[in-house]
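*Asks:* fold the following.
(2 chains)
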Amino acid sequence: MPMTTYHRTHEFGGSVKHLLAIAAAAATWSCSPGSKDQATTNDTTKPTAATATSSNDAGGLTGAGATFPQPLYQKWFDEYATKTGVKINYQPIGSGGGIRQFTEGTVDFGASEAPMTDEEMSKLKAPAYHIPTTVGVVAITYNVPGVTEPLKLTGPVVADIFLGKIKKWNDTRITSLNPGATLPASDILVVHRAEGSGTTFIFSSYLAAVSPAWKTSPGAGKELQWPVGLGAQGSQGVTGQIKQTAGSVGYIELAFAKQNKLGTALLQNADGQFVAPTAEGGSAAAEGAVSKLPANTDYRVSILNASGATTYPIASFTWLLVPTKPTDAAKAKRLADFLRWAMTDGQKDASALDYAPLPQSLSTRLMTRIDSIAPGGAR
Amino acid sequence: MTDGVATPITPVSRGESNGEIRIEASAIGDRIYKWATTGFALLIPGLLILVAFEVFRAGWPALSKFGFSFLTSSDWDAVNGKFGAAPAIYGTLVSSAIALIIATPLAVGVAIFLSEFAPSWLRQILAFLVDLLAAIPSVVYGLWALLVLVPAMREHLMPFVKETLHLGDFPLFSGPAYGPSMLAAGCILAIMVLPYISAVTREVLMAVPRSQREAALALGATRWEMIRDAVVPYARSGIIGGIILGLGRALGETMAVAMVIGNRHEISVSLFQPGYTMASLIANELSEATNDIHLSALMGIGAVLFLITIIVNSIARWLVWQTGRTRA
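*Replies:* Model prediction:
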């Protein structure tokens, strides 16, 4: 009862971004019997009319969430619709919104760059699987005049740069890693994402893993209290800011770094090797981490700073959140069919868009999990 | 507003006695008209109250948890759930102030030129172009600022002020030259509010009676003296009204500001340093605010922005009223 009014009242607010975000928040924020009823009448109150319901939504699926894998998902959904006629309506409203909508049951699946916390899982009305779909790689990019070879950096050095402890490019901790490079005595200008983002979550989780000081403060999250630097809007904003500003450093998804031909740092991995950010480095991280997983894992795992000589340390799964037992039989089949396709044919699209495909061993394991998705959820 | 709608309608049918049927019909029509317009008029304040209520209710958990420190603290730490709006409040007020300081003289100058000096063909073209500034979407302004204004500031203006003028240690201009800054936000806001101020001022100046100008000229005033002493004072409350309209726009502007202000939760006296505004903070963080207190804090910011807008507008209203009174 309380939240239903949100839609109406806020829609007079202003910018489209506001609208979308508020509408998303409104739809999912707290229990609203209004919206819940809608969702459940569609799915459960008429179990015998399952076919009728499915023709209702024209044989499609709805999803919402992460923006980080959105280019890949968009390609997948287009391709899949052409191939099978199943239309998937995906709204890239952010992981937070995706989790909220999925929890409320207003979408058939959610998508998130960060695994759901135990607390978030406890709010779910029905059990759900985390299905990794691809591996995202975050590159450290910089614009330092006079530096021609890729800079070599270690995790603790990156953390101290972003903590503001290393202030100049010619700090001995950087020069000692790069004996051949001529580094200027200029200030390091840190650029980070202004809005909450999955990229920030992956990057800050990595820094928390390699630097105790970072772990204490600011910690890991989608939106941090940054000790230094300025916030630019979106990956494009960070990219532009770094391109324009001599002496700047930031972190962006691999695809943006490659498309904009920015300098990317070689990062020291857990095996002591300096590795460039590549899709292969991301897949290697997944390979290394997955081999150690128990059979009953829920895949809410971090592959940051994973072992392996060719592993790039800042890599992370991005997940689809799917109900283990969808209430609607037709939807359950559609969802499982799509996921099977995504694990096989879909993976071929990943590297073209600079996402790292899942290692074969993992997609094979995930297939059995997907096969266990069956209708018959709570009525 | 309700009075204006209601009064002309009531006297029509009440006391009349001839042609009963026709009057009945028109009375019904009148009544429908009256109630419909009254309804429309009440709808707006009704919506406003509803929005205010919802924003405060949603922001209440954060406002009550942090209390007064929500307004005074500079902490904005989503990881540890600590929220303070001071930098955003400061940034909103300062960026709007910069915008008005830059835009007001320009806009009033443009309006005086258009109403007093420009030949009518030029007036129409220029007025159209200035008004067109208001039609450009704010993202486009932001994009332009990001690609043109900010680099120009970083490469020319900031080095000029810091090195050529040796003002680098002066608090207003201290710190590293990132480019995105409070000053950049103020400048882009100035361009955005200029057409509002200028359009209102132009209309007000053109509404100044001819006799007012003729009287001044007849007393031997030059053209400049006529404008300064007879035209502008007459239009003063209208001009202030235009500035308030611009201020309202500046306080609430979101997209363009978020793109150039640097989005940093920190109060810095230096205009060259990044800052934050309330509207851009909400826009940036709402989509990824996962926990309840973070969401509530953002709504709390909305509530504070709402309050500040009301306060600023009330002060401005009072100013208009004061200037109107002193003139009379």
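*Asks:* now the stretch 101-250 of chain A against chain B: closest residue?
*Replies:* Chain B sits closest to A:G196 of the stretch 101-250 of chain A, with a gap of 2.6 Å, by Cβ to the nearest Cβ. (Each C-beta comes from the backbone N, C-alpha and C, glycine too.)
*Asks:* measure the residue lying closest to that residue once chain neighbours are set aside to A:T239 for me?
*Replies:* Nearest non-adjacent residue to A:G196, counting by Cβ to Cβ, 6 or more residues apart in numbering or on different chains: B:E288, 2.6 Å away. Distance from B:E288 to A:T239, counting by Cβ to Cβ, to the nearest Å: 19 Å.
*Asks:* please apply the same query to A:N269.
*Replies:* As defined by Cβ to Cβ, A:N269 lies at a distance of 24 Å from A:T239.
*Asks:* pop out the phi and psi values for A:T364.
*Replies:* Torsion angles at A:T364 (phi, psi; degrees, to the nearest 10) stand at phi -60, psi -40.
*Asks:* what is the burial count for it?
*Replies:* 12 (other Cβ atoms under 10 Å in any protein chain shown).
*Asks:* and the one 5 residues further on, by the same measure?
*Replies:* Applying other Cβ under 10 Å, we find 18 other residues in the vicinity of A:R369.
*Asks:* so it touches A:A128, yeah?
*Replies:* No - counting by Cβ atoms under 8 Å, no contact exists between A:R369 and A:A128, whose distance comes to 11.8 Å.
*Asks:* now A:F203: closest residue in space, sequence neighbours ignored.
*Replies:* The shortest distance from A:F203 to any residue that is not its chain neighbour, by Cβ to Cβ, 6+ apart, is 4.6 Å, and that residue is A:Y251.
*Asks:* the one you found: which element?
*Replies:* For A:Y251, the enclosing helix or strand under DSSP states H and E is strand A:248-253.
*Asks:* direction included, what does that strand pair against?
*Replies:* Using DSSP bridges, the strands paired with strand A:248-253 are strand A:128-143 (antiparallel), strand A:189-193 (parallel).
*Asks:* redo these as JSON lines? Include mean neighbour count and distance to B:I98.
*Replies:* As requested, these are exported to JSON lines (neighbours: other Cβ atoms under 10 Å in any protein chain shown; distance: least, Cβ to Cβ, whole Å):
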{"stretch": "strand A:128-143", "mean neighbour count": "24", "distance to B:I98": "28"}
{"stretch": "strand A:189-193", "mean neighbour count": "25", "distance to B:I98": "23"}
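*Asks:* reformat those strands as CSV; add mean pLDDT.
*Replies:* Output for the strands paired with strand A:248-253, formatted as CSV (pLDDT from 0 to 100):
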stretch, mean pLDDT
strand A:128-143, 93
strand A:189-193, 93
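*Asks:* closest one to B:G186 among those?
*Replies:* Minimum separation from B:G186 across the strands paired with strand A:248-253 (Cβ to Cβ) falls at strand A:189-193, 21.1 Å.
*Asks:* what segments of the chain are strands?
*Replies:* Picking chain A for this. Per DSSP state E, chain A has strands spanning A:60-65, A:87-91, A:109-112, A:128-143, A:152-153, A:189-193, A:230-232, A:248-253, A:263-264, A:266-268, A:274-275, A:315-323. These are given in chain order.
*Asks:* sorry, should have said chain B
*Replies:* Listed in chain order (using DSSP E), the strands of chain B are B:76-77, B:82-83.
*Asks:* deepest of those, which one?
*Replies:* For the strands of chain B, ranked by mean neighbour count under the definition mean count of other Cβ atoms under 10 Å in any protein chain shown, the leader is strand B:76-77 at a mean of 22.
*Asks:* hmm, who's touching that strand?
*Replies:* Under the criterion Cβ atoms under 8 Å, 6 or more residues apart in numbering or on different chains, residues A:218, A:224-225, B:82-85, B:87-88, B:265, B:281 lie in contact with strand B:76-77.
*Asks:* center of chain B, which residue is that?
*Replies:* B:G248 (2.0 Å; Cα atoms, centre = their mean).
*Asks:* ok, the residue lying closest to A:T324 once chain neighbours are set aside to A:M116 distance?
*Replies:* Nearest in space to A:T324, with sequence neighbours left out and distances taken as Cβ to Cβ, 6+ apart, is A:P127 at 4.7 Å. When Cβ to Cβ is the yardstick, A:P127 and A:M116 sit 12 Å from each other.
*Asks:* the residue lying closest to A:L304 once chain neighbours are set aside - how many residues pack around it?
*Replies:* For A:L304, ignoring the flanking residues on the chain, the nearest one in space by Cβ to Cβ, 6+ apart is A:Y206 at 4.8 Å. Applying other Cβ under 10 Å, we find 26 other residues in the vicinity of A:Y206.
*Asks:* wait, A:Y206 touches A:I303, no?
*Replies:* No - counting by Cβ under 8 Å, no contact exists between A:Y206 and A:I303, whose distance comes to 10.4 Å.
*Asks:* tell me if I'm right that A:A213 and A:F162 touch.
*Replies:* No - counting by Cβ under 8 Å, A:A213 sits too far from A:F162 to count as a contact (10.6 Å).
*Asks:* tell me where the stretch 201-350 of chain A has helices.
*Replies:* Assignment of helices within the stretch 201-350 of chain A using DSSP state H, counting those that start in this stretch yields the ranges A:212-216, A:234-244, A:254-259, A:279-290, A:329-343, A:347-352.
*Asks:* packing partners of the fourth one?
*Replies:* This points to helix A:279-290. Secondary structure elements in contact with helix A:279-290, counted by 3 or more Cβ pairs under 8 Å, 6 or more residues apart in numbering or on different chains; DSSP states H and E, are strand A:128-143, strand A:315-323, helix A:360-371.
*Asks:* one step back: in CSV: the strands of chain A, plus distance to B:K65.
*Replies:* Formatted as CSV, the entries for the strands of chain A read as follows, by distance: least, Cβ to Cβ, whole Å:
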stretch, distance to B:K65
strand A:60-65, 28
strand A:87-91, 31
strand A:109-112, 27
strand A:128-143, 30
strand A:152-153, 40
strand A:189-193, 26
strand A:230-232, 25
strand A:248-253, 32
strand A:263-264, 42
strand A:266-268, 40
strand A:274-275, 44
strand A:315-323, 30
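*Asks:* quick one on the thing from earlier: just the buried ones from the contacts of strand B:76-77, in ChimeraX syntax?
*Replies:* Burial among the contacts of strand B:76-77 is assessed by 16 or more other Cβ atoms under 10 Å in any protein chain shown; the matching ChimeraX selection reads:
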select /A:218,224,225 /B:82,83,84,85,87,88,265,281
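*Asks:* roughly how far does the most centrally placed residue in chain A sit from B:G220?
*Replies:* Geometric centre of chain A, nearest residue: A:E113, 2.6 Å, by Cα atoms, centre = their mean. Distance of A:E113 to B:G220, given as Cβ to Cβ: 75 Å.
*Asks:* quick check: B:E155 vs chain A, distance?
*Replies:* Distance of B:E155 to chain A, given as Cβ to the nearest Cβ, to the nearest Å: 9 Å.
*Asks:* quick one: neighbours of A:W169, just the number.
*Replies:* Taking other Cβ under 10 Å as the neighbour definition, A:W169 ends up with a count of 26.
*Asks:* right, I'll leave it there.
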